[in-house]
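# below is the sequence, then the predicted model.
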Amino acid sequence: MRLLLVEDEGKVASHIKRGLEQEGYAVDVVDDGEEALGMASVYQYDLIILDIMLPKKNGTQVLKELRDKRHYTPVIFLTAKNSTEEKILGLDLGADDYLTKPFEFEELCARIRAILRRHESVRDTKLTLSDLELNLVTHEVKRAGQKIDLTPKEYTLLEYLLYNQGKVLTRTMIVEHVWDQDFDSFTNVVDVYINHLRVKIDQPFEKKLLHTARGYGYVLREGDAADKD
């Protein structure tokens with residue numbers, strides 16, 4: 001999952017970004033409202049964490065413009081203001097949640113998970129393909145009943161592949177969703193992580209699920225790929 005964090009307090013932004021990356025999210029950070037609008041227009045985010053008190057354009061202005069342009073990416077407001085009127089205004093503008101500073105990081109993570117599940121319309125807590133299973137709540141991954149230990153980035157990559165199972169995903173698509181804006185797309189890190197994932201979820205098993213679409217990218221599906229891996 002790729003998130004946009006809009007926060008002008010550097011230490012707060014750094015703390016949140018570091019914690020979310022440890023949870024397996026790719027996180028882009030901007031510190032003013034105008035840049036937030038620009039980033040949200042260029043990249044497809046799964047969720048935006050939006051401070052209200054921002055330079056250039058405040059959070060409520062940013063949210064209003066996003067909704068006016070029919071951008072329905074989920075938004076969590078962060079603010080030091082805790083008045084009922086402020087909360088009503090934010091929710092009426094289209095915010096999905098409202099978190100008052102200071103807050104516990106674990107609470108922010110729980111709210112993010114709840115909103116993402118709700119917006120993805122996930123009826124179950126699991127993503128599955130054949131005998132491969134990923135639990136969205138516990139982050140546990142199993143294949144044929146065997147638990148598979150993944151790093152946070154490997155988990156995020158597998159989650160993205162499972163959400164798009166059957167679709168060929170280019171390296172650019174994977175980079176833009178799994179890594180942040182500072183990632184160097186000319187490196188071979190995508191191929192490296194795909195190989196790490198393949199070793200863990202495919203190599204010990206007879207049926208292969210992660211395939212290379214030669215010249216295009218990768219696809220997670222049952223059956224043989226169009227090109228040999």
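Sure thing, it's come through.
# which strand residues bridge residue 142?
Using DSSP bridges, the beta-bridge partners of residue 142 come out as residue 133, residue 147.
# run the chain-centre distance for the one helix or strand in the chain whose mean pLDDT sits lowest.
Sorting the helices and strands of the chain by mean pLDDT, DSSP states H and E puts helix 84-93 at the bottom, at a mean of 78. From the chain centre to the centre of helix 84-93 is a distance of 26 Å (CA atoms, centre = their mean, to the nearest Å).
# so which bits of that helix are buried?
For helix 84-93, a neighbour-count test (16 or more other CB atoms under 10 Å) marks 86-87, 89-90, 93 as buried. Bear in mind the C-beta positions are built from the backbone N, C-alpha and C, glycine included.
# any chance of the residues you listed in JSON lines, plus distance to residue 138?
Listed next are these as JSON lines, based on distance: CB to CB, whole Å:
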{"residue": "86", "distance to residue 138": "35"}
{"residue": "87", "distance to residue 138": "31"}
{"residue": "89", "distance to residue 138": "36"}
{"residue": "90", "distance to residue 138": "31"}
{"residue": "93", "distance to residue 138": "34"}
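# for the record, mean pLDDT for the longest helix along the chain?
In the chain, ranked by residue count with DSSP state H as the criterion, the top helix is helix 105-119. The average pLDDT for helix 105-119 rounds to 87.
# show the subsequent helix or strand relative to that helix.
Using DSSP states H and E, the next helix or strand after helix 105-119 towards the C-terminus is strand 126-129.
# can you list the strands that that following strand pairs with?
Here, using DSSP bridges, strand 126-129 pairs with strand 132-135 (antiparallel).
# how far out from the middle of the chain is the strand it pairs with?
The answer for strand 132-135 is 17 Å, by CA atoms, centre = their mean.
# ok, stretch 188-205 next?
20 Å.
# next one: stretch 100-119
Taking mean C-alpha positions (CA atoms, centre = their mean), stretch 100-119 and its chain are 13 Å apart.
# same thing with stretch 66-85?
Its chain's C-alpha centre and that of stretch 66-85 lie 18 Å apart, by CA atoms, centre = their mean.
# end to end on it, go ahead and measure it.
Separation of the first and last residues of stretch 66-85 by CA to CA, to the nearest Å is 21 Å.
# can you confirm residue 39 is in a helix?
Yes. Per DSSP: H, G, I helix; E, B strand; the rest coil, residue 39 lies within a helix segment.
# contact partners for it?
Residue 39 is in contact with 4, 28, 30, 45, 181, counting by CB atoms under 8 Å, 6 or more residues apart in numbering.
# save those as a markdown table, and put in pLDDT too.
Shown next, in a markdown table, are the contacts of residue 39 (pLDDT from 0 to 100):
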| residue | pLDDT |
| --- | --- |
| 4 | 95 |
| 28 | 93 |
| 30 | 94 |
| 45 | 89 |
| 181 | 60 |
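# give me the buried subset of the residues you listed.
Using 16+ other CB under 10 Å, the buried ones in the contacts of residue 39 are 4, 28, 30, 45, 181.
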